[in-house]
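Chemist: Whatever this is, show me its structure:
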Amino acid sequence: MNNRFMILLAAASALTTASFAAMADGPTRDVLLARSKDRKMEAGLYDAGPSEQDIDSDPEDEFMFFIDGAVKLTSADGTVLEVHAGEGAAIPKGWKGHWSTQGYKKYYVTYASGKAPK
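Modeler: Model prediction:
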């Protein structure tokens with residue numbers, strides 16, 4: 001088994017055993033696995049409890065691959081996308097809509113185009 005795979009397994013294990021930070025719409029846990037030197041790209045594992053959120057404008061491009069649970073994404077134009085464990089989805093910067101879930105775990109990669117975040 002290579003070292004990168006072992007790191008991913010350890011991070012995934014941390015998601016299942018870590019205590020959650022309480023948030024208004026459900027507990028979450030974010031394990032950052034990589035960040036580019038210019039800080040525009042990040043990759044990690046994210047675990048969230050039940051949540052309902054309106055997104056006014058997603059701040060960055062994001063690819064997600066769900067390893068547990070599911071989400072329902074309803075775009076501002078009414079388009080509905082349900083994504084389940086074993087499936088992936090991409091949300092472009094500026095996406096507007098509603099995010100609904102009973103909980104999920106995902107791998108993610110984000111890219112912040114434009115000026116580098118601080």
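Chemist: residue boundaries of the strands in this protein?
Modeler: Along the chain, the stretches classed as strands by DSSP state E are 28-35, 41-48, 51-55, 61-75, 80-84, 88-91, 97-111.
Chemist: what would those strands look like in TSV with mean neighbour count and mean pLDDT?
Modeler: From N, CA and C alone the C-beta is placed, and that goes for glycine too. Shown next, in TSV, are those (neighbours: other C-beta atoms under 10 Å; pLDDT from 0 to 100):
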stretch	mean neighbour count	mean pLDDT
strand 28-35	14	95
strand 41-48	18	96
strand 51-55	14	93
strand 61-75	17	97
strand 80-84	13	98
strand 88-91	14	96
strand 97-111	18	96
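Chemist: The nearest residue to Tyr111 once chain neighbours are set aside and Gln102: what is the separation?
Modeler: Among residues not flanking Tyr111 along the chain, Asp61 sits closest, at 4.7 Å (C-beta to C-beta, 6 or more residues apart in numbering). Counting by C-beta to C-beta, to the nearest Å, the separation of Asp61 from Gln102 is 26 Å.
Chemist: Ok, Asp47 next?
Modeler: Distance from Asp47 to Gln102, by C-beta to C-beta: 13 Å.
Chemist: From the chain's centroid, how far away is stretch 83-91?
Modeler: Computed by C-alpha atoms, centre = their mean, to the nearest Å, the chain-centroid distance of stretch 83-91 equals 10 Å.
Chemist: just checking, the residue nearest to Tyr111 touches Ser113?
Modeler: Yes: contact criterion C-beta atoms under 8 Å: Asp61 and Ser113 qualify, at 6.8 Å.
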